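Trainee: build the 3D model from these lines:
(4 chains)
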Protein chains: 2
Amino acid sequence: MAANSRFAVAVHALAVIAWHEDARHSSREIASSVATNPVVIRRLLAQLSRAGIVESAHGAKGGFRLARPAGKIRLYDVYAAVEEGGFFALPEKGNDQCPVSCRMKAILDGVFKRVESKVVPELKRATLADVVGQLPRPA
Amino acid sequence: MAANSRFAVAVHALAVIAWHEDARHSSREIASSVATNPVVIRRLLAQLSRAGIVESAHGAKGGFRLARPAGKIRLYDVYAAVEEGGFFALPEKGNDQCPVSCRMKAILDGVFKRVESKVVPELKRATLADVVGQLPRPA
DNA sequence: GCCATATGTAACCATTATAGTTCCCAATTA
DNA sequence: TAATTGGGAACTATAATGGTTACATATGGC
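Mentor: Below is the predicted model:
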C-alpha cells in the first residue's frame, strides 16, 4: 500500500469512534476495523489530536474520542490535518533562461488555486455526522 | 522529485509546443525548458499522443506538434491522459466483520465523487489557449 | 546509400512517501 | 504492583515517480 489513503483511513477511523460517540476507543479496536496496524492508527490520530479533532487518554480504559460533536467536524478539517500539500504538485525546477518556463509556475499556480476553490467548499459542507448518518445503527 | 508533477509538466510541455504552434519541437528542446531529461518528456508526450492531443514524427526535422488548435485542448483532456486515478485513494482492505468497515467504501466513494463533480467542470472550462494567452508573445 | 537527427521503448538505478513492524517509555486504572 | 493504553523512535518493505543509458526504428538531406 503505497497509495495515499491517509484521508480515507482518517475518516474511517473517525467513523468508528463516532459510531459510539460516548465511549473511548483503543487504537487496537480501530485498527481491527481498518485492517491495519495499531501504530498506523495512533500516528494518524496523533495528527488529528494536534488539530483538535480527537482527544486521547493514556492507560487502562484509555483510548480516543471526538473532541467535539460529529456534526461540528468538517471533512475539510480532517483533510487539512492529514494531507500536506494541495491536490497537484508544482515542479520545483525550470529553465530560467526560457520565457515560457519563467511564467509557468505562476500560470499553473493560478489553475490549481481555481480548482481548489471549488474543492474546499465541498469538503467544508460535509461533516463527520453526514458520514455516520449513512451507517447502520449500532446494535 | 517523487511528488506527482506529471500534470504540471504535461501542461508546461504543451505550452512550449503551443508557443510556436506551427513548428515541430524536439523532446530535447522541451526538456531544456522543463529542466528534465528528454526521455521523461517523450514518455509523457507518448501518453498525450495516444490520447490524440499531440502528434509526433520520427527522424530529422521530426518532433512534436499539437494534434488540434490549443483552444480545443482542454486541461481536463490533459489531466485525464496523464493521471491515473482520482484525487483521493480508497484503501483496498477492510474488516468484513465490522459493520462500519463494510459501509465505508461506498460512503467514501460518494464523498470523492461529489468532490470530483466540482473539479472536472473547472478543468473542462480551461484550455491550453488560456494558458498560452498568459505567456509573452514569441520574439 | 550514408549519416545525422529524432521518436519509442526497454532496462535499470535513485529518491521519496507511505505503510507496516518492533520496541520501549509514560500514564492511568484497578 | 500489574495490566492496559497512547507516544514515539527506529527500522524495513513496497510502490510511484523521476532520471539515465542504450538501442531499435524512422526520416530527411547530402
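
Trainee: what does stretch A:59-70 rub up against?
Mentor: Here stretch A:59-70 makes contact (C-beta atoms under 8 Å, 6 or more residues apart in numbering or on different chains) with A:14, A:17-18, A:21-27, A:29-30, A:45, A:49, A:52-57, A:73, A:127-129, A:131-132. Using the backbone N, CA and C atoms, a C-beta is placed for each residue, glycine as well.

Trainee: show the buried residues in those.
Mentor: Using 16 or more other C-beta atoms under 10 Å in any protein chain shown as the burial test, the contacts of stretch A:59-70 include A:14, A:17-18, A:25, A:27, A:29-30, A:45, A:49, A:53-54, A:56, A:73, A:127-128, A:131-132 as buried.

Trainee: restrict these to those near chain B?
Mentor: Contacts with chain B within the buried ones among the contacts of stretch A:59-70, counted by C-beta under 8 Å from any C-beta of the partner chain: A:Val131.

Trainee: low-confidence ranges, chain A, go.
Mentor: Counting by pLDDT under 70, chain A shows low-confidence ranges at A:1-3, A:85-86, A:92.

Trainee: could you pull out the helices for it?
Mentor: Residue ranges of the helices in chain A, as given by DSSP state H, are A:6-19, A:27-34, A:38-50, A:75-82, A:99-125, A:128-132.

Trainee: out of these, deepest packed?
Mentor: Compared across those, helix A:6-19 shows the largest average neighbour count, a mean of 24 (mean count of other C-beta atoms under 10 Å in any protein chain shown).

Trainee: so which other helices or strands are in contact with it?
Mentor: If contacts are counted by 3 or more C-beta pairs under 8 Å, 6 or more residues apart in numbering or on different chains; DSSP states H and E, helix A:6-19 sits against helix A:27-34, helix A:38-50, strand A:63-66, helix A:75-82, helix A:128-132, helix B:99-125.

Trainee: could you redo the last one with a cut-off of 6 Å?
Mentor: helix A:27-34, helix A:75-82, helix A:128-132, helix B:99-125 (3 or more C-beta pairs under 6 Å, 6 or more residues apart in numbering or on different chains; DSSP states H and E).

Trainee: what's the first one in contact with?
Mentor: With C-beta atoms under 6 Å, 6 or more residues apart in numbering or on different chains as the test, helix A:27-34 has contacts from A:9, A:12-13, A:16, A:38, A:41-42, B:95, B:98, B:100-101.

Trainee: circling back to that earlier point, of the contacts of stretch A:59-70, which are in range of DNA strand D?
Mentor: A:25-27, A:45, A:49, A:56-57 (C-beta under 7 Å from any atom of the strand).

Trainee: tell me, which of the residues you listed make contact with DNA strand C?
Mentor: A:Ala57.

Trainee: nearest to DNA strand C, of the ones next to DNA strand D among the contacts of stretch A:59-70?
Mentor: A:Ala57 (5.9 Å; C-beta to the nearest atom of the strand).

Trainee: hmm, back to that, export the helices of chain A as CSV, with columns for distance to A:Arg65.
Mentor: As requested, these are exported to CSV (distance: least, C-beta to C-beta, whole Å):
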stretch, distance to A:Arg65
helix A:6-19, 6
helix A:27-34, 11
helix A:38-50, 11
helix A:75-82, 15
helix A:99-125, 23
helix A:128-132, 13
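
Trainee: who's in contact with A:Gln134?
Mentor: Under the criterion of C-beta under 6 Å, 6+ apart, the contact partners of A:Gln134 comprise B:Ile107.

Trainee: how does it look with 7 Å?
Mentor: Counting by C-beta atoms under 7 Å, 6 or more residues apart in numbering or on different chains, A:Gln134 touches B:103, B:107.

Trainee: give me every residue in chain A lying close to DNA strand C.
Mentor: Residues of chain A lying near DNA strand C (C-beta under 7 Å from any atom of the strand): A:1-6, A:9, A:36-37, A:39-40, A:44, A:57-62, A:84.

Trainee: so what's the closest residue to A:Leu48 other than its chain neighbours bridging to?
Mentor: Closest residue to A:Leu48 apart from its sequence neighbours, by C-beta to C-beta, 6 or more residues apart in numbering or on different chains: A:Val54 at 4.8 Å. With DSSP bridges as the criterion, A:Val54 is bridged to A:Leu66.

Trainee: next, count neighbours for the residue in chain A positioned nearest to DNA strand C.
Mentor: At 2.5 Å from DNA strand C, A:Gly59 is the closest residue in chain A, using C-beta to the nearest atom of the strand. When counting by other C-beta atoms under 10 Å in any protein chain shown, one arrives at 6 neighbours for A:Gly59.
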